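K.L.:
Sequence first, predicted model second:
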Amino acid sequence: MSRSISLLFGVHAHQPGGNFPEVFELARRRCYRPFLETLHGFPQFRFSLHFSGPLFDYLSAHHAEDMALLGEMVARGQVELFGAGDAEPVLSSIPARDRVGQLNSLSAKLEARFGTRPGGAWLTERVWDATVVPSLADCGMRYVTVDDYHFFCTGKNAGELDGYFTTEEDGRRLDLFPISERLRYCIPFAPAQDAVAYIERLADEGRECAIYFDDIEKFGVWPETFDWVYGGDWLRRFVSDVIASDRITTRTYGEFHAAHRTRGIVYLPTTAYIEMNEWTLPAAAAHAYADLVEHEKHRGTYESHKALVRGGIWKNFLMRYPEANWMHKRMLSLSQRLAVLPRSAAEPDAAAEMRSLLFAAQANDAYWHGLFGGLYLPHLRRAVYNALVRLEALLDRASPRPSVTSEDIDCDGHDELFLHNPQVQAVVRLDGSAALCELDSYALGHNFGDTLRRHAEHYHRRILGGWTPPRHASGITSPHERFGVKHVIAAEDLQVDARARVLFADHWIGSSGEPRMLDGYAVDGARPGVVPEARFTARIAETVVAKRITLSEAGVAVEYRIEAAQPGRLQVELDLAMPSCEGFTGRYIHKGEIIGGFGESFELEQTDRLTLDDLHLGGGVTIAASRPAKLLARPCLTVSQSEDGFERIMQSASLTLLFAVEAGTCEIAVALDISASDRGAERADERGESEVRQTA
């Protein structure tokens, strides 16, 4: 007697809110639309679907016909919609109040558009932490999906994972479906008939359900998949074979959940999927982890031991990347300000806008890096900072703060000094460098200090070592096993920065000719007022450098007073985040003439003024010095991995100013004057090539 099995088929669709419209359109054309069209033709194939808030908003605004098609499928009971945090945050990384807000926000959108409120939730990147259970339960979520790996980490085996389990936290219950790792790697990469045959074998083993939930972008966006899934008719064949099988019945998660009882209690450790746990590790630890995995595979014991060979947790990204940690802690700080803002301090529309900006700043994509660009993609970080800067301006308007404050916001053991006025904010590190880690223009909604140092990465070993991916007898290769190089990468491109890339990092070059970093600045004082300022003093041997930082409506000025015991040079380094990167919409202007783009390297022997003009930003910044200096310009390039291969990405325009200093007293001033321009209206139609090539 043949046995039957329920196939719980779910897909998750997401594009970051800060991604380029070209990327949304490409993904829609290659994946979202053909996927919906294909499955619309098979009403009996039931499945579950999650659209993230940014993608749902984009398709609703630009492709209402896609949402109408989906609406038909929902109305006829073919599709169950899953909820999640609206802006696709990692729920465990944001305050509980914001988890509830994010979950309810997306649920309200789905209910308004489709007339149904979700009972299941997609966990961003399948990051599990028990602290999220109360928020999910309070928002009406009865079940979520996590990896079977999560369950293996509790000691359970594959044979036990049939159906769903129950957990609880703080008196609230939540049911958990274990997603099959084997199905995730099989669909859609193996031939359709092989995938269906595997599900039928599960039925023969007496299993009640086969559980699949993964990225829909596998069906057309990932490398090779469009030709395979649609050109090769994989999806149609798979769906047809499933429907034709007398042993497989498709059901939504909600249907299965309502018809079956829990398999029992379970408590999962804080974890994510296996690859994520490796990506969170620093390079040295990741090398050791990968070597251990290979050793286990060689011995033939990996499958039985993999739950015991564990990497890190998602929040380790905030330890690995200080730039991600800084964004995260800035977000938490503004979340707290918004939470305690009196209702009477802001009009309802303004309060709603502030909440929307906070949610946008909590989107997960720019806070981490693995197979996809993530943190390495400047436009994703820029979207977070744009939301943070705009939110901060609204909060300051509703509830003004002092023009000078000090706090160790990023928990690194050093305070940061915040100097701000209604136009500009400068954040000075009090770690001895007196450098700026953030420079915000409220008018432009931009942080000129938003850059990324060159970090050591585990995957750099692949580039240097010539790693060879495994071969497959049939099907196509998963991006996790692909090896490609989008750009020519040399060994020097992989050099690691010894320190953060900031603004106004100072060095003294004495008689030896070797730059010595001025990292012993002591705070002399900070003064609030119309022109906020901070003063510092550093000493190298018998040379004393006094540094004064002031804000104006135009930007920031840094004045140096040097008491030099002997002649030398002051070296001032500036890493400026310019949105156009190496695209043609960014340009250096010197003495009224364009002398190059931000991706070019050059030297000016003597100059006291240089403008960085950025069409995409709709403005720019002018470096103005009180006396001529030698100027060196070069792009800061990092090497990251993506689903398309390893690539070089420009992070900032790196500028070095060298001032000759005679013995005695010398005064030097360097100002960064920020300006907006009417060129910003043109930017939607004139994006550079660098923007189009970067995908999430």
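P.N.:
Here it is on my side, so go on.
K.L.:
Please make it C-alpha for all contacts and neighbour counts, starting now.
P.N.:
Fine.
K.L.:
Identify the residues contacting residue 12.
P.N.:
Taking Cα atoms under 8 Å, 6 or more residues apart in numbering as the contact definition, residue 12 lies against 49, 50, 51, 52, 122, 213, 214, 215, 216.
K.L.:
didn't residue 153 look like it was pressed against residue 269?
P.N.:
Yes: under the criterion of Cα atoms under 8 Å, residue 153 makes contact with residue 269 at 7.1 Å.
K.L.:
More neighbours: which of those two?
P.N.:
More crowded of residue 153 and residue 269, by other Cα atoms under 10 Å: residue 153, with 20 against 14.
K.L.:
Would you mind listing the outside residues contacting stretch 139-149?
P.N.:
For stretch 139-149, using Cα under 8 Å, 6+ apart, the contacting residues are 100, 103-104, 118-123, 126-128, 136, 158, 161, 173-181, 213, 272-274, 307.
K.L.:
Just these: which are in helices?
P.N.:
100, 103, 104, 136, 181, 274 (DSSP state H).
K.L.:
ok, so what distance separates residue 365 from residue 372?
P.N.:
Counting by Cα to Cα, to the nearest Å, the gap from residue 365 to residue 372 is 9 Å.
K.L.:
Between those two, which has more neighbouring residues?
P.N.:
Here residue 365 and residue 372 are set side by side on neighbour count (other Cα under 10 Å), and the busier one is residue 365, at 27 against 19.
K.L.:
neighbours around the nearest residue to that one once chain neighbours are set aside, how many?
P.N.:
Distance criterion Cα to Cα, 6 or more residues apart in numbering; nearest residue to residue 365, sequence neighbours excluded, is residue 374 at 5.2 Å. Using other Cα under 10 Å, the number of residues around residue 374 comes to 23.
K.L.:
longest strand in the protein, by residue count?
P.N.:
When secondary structure is assigned using DSSP state E, the longest strand within the chain turns out to be strand 619-642.
K.L.:
Return the distance of that strand from the chain's centre.
P.N.:
Taking Cα atoms, centre = their mean, to the nearest Å, one finds the center of strand 619-642 at 24 Å from the center of the full chain.
K.L.:
what helices or strands is the helix or strand just after that strand leaning on?
P.N.:
The C-terminal neighbour of strand 619-642 among helices and strands, as given by DSSP states H and E, is strand 645-661. When contacts are defined as 3 or more Cα pairs under 8 Å, 6 or more residues apart in numbering; DSSP states H and E, strand 645-661 packs onto strand 568-576, strand 619-642.
K.L.:
Just name the most buried of these.
P.N.:
Ranked by mean neighbour count, the helices and strands packed on strand 645-661 are led by strand 568-576 with a mean of 22 (mean count of other Cα atoms under 10 Å).
K.L.:
Relative to the next helix or strand after it, what are the paired strands and their orientations?
P.N.:
Secondary structure here is assigned by DSSP H and E; on that basis, the next helix or strand after strand 568-576 toward the C-terminus is strand 586-590. Strand pairing for strand 586-590, determined by DSSP bridges: strand 593-596 (antiparallel), strand 602-614 (antiparallel).
K.L.:
Check the spacing between the residue nearest to residue 365 and residue 122 real quick.
P.N.:
Using Cα to Cα, one obtains 19 Å as the distance from residue 374 to residue 122.
K.L.:
how about low-confidence regions in this protein?
P.N.:
Low-confidence segments of the chain, defined by pLDDT under 70: 1-2, 465-487, 678-696.
K.L.:
longest single helix anywhere in it?
P.N.:
Per DSSP H, the chain has its longest helix at helix 378-398.
K.L.:
what's the neighbour count on the closest residue to residue 542 other than its chain neighbours?
P.N.:
Ranked by Cα to Cα, 6+ apart and with sequence neighbours excluded, the top spatial neighbour of residue 542 is residue 565, at 5.7 Å. The local packing of residue 565 (other Cα under 10 Å) involves 16 other residues.
K.L.:
With that, I have no additional questions.
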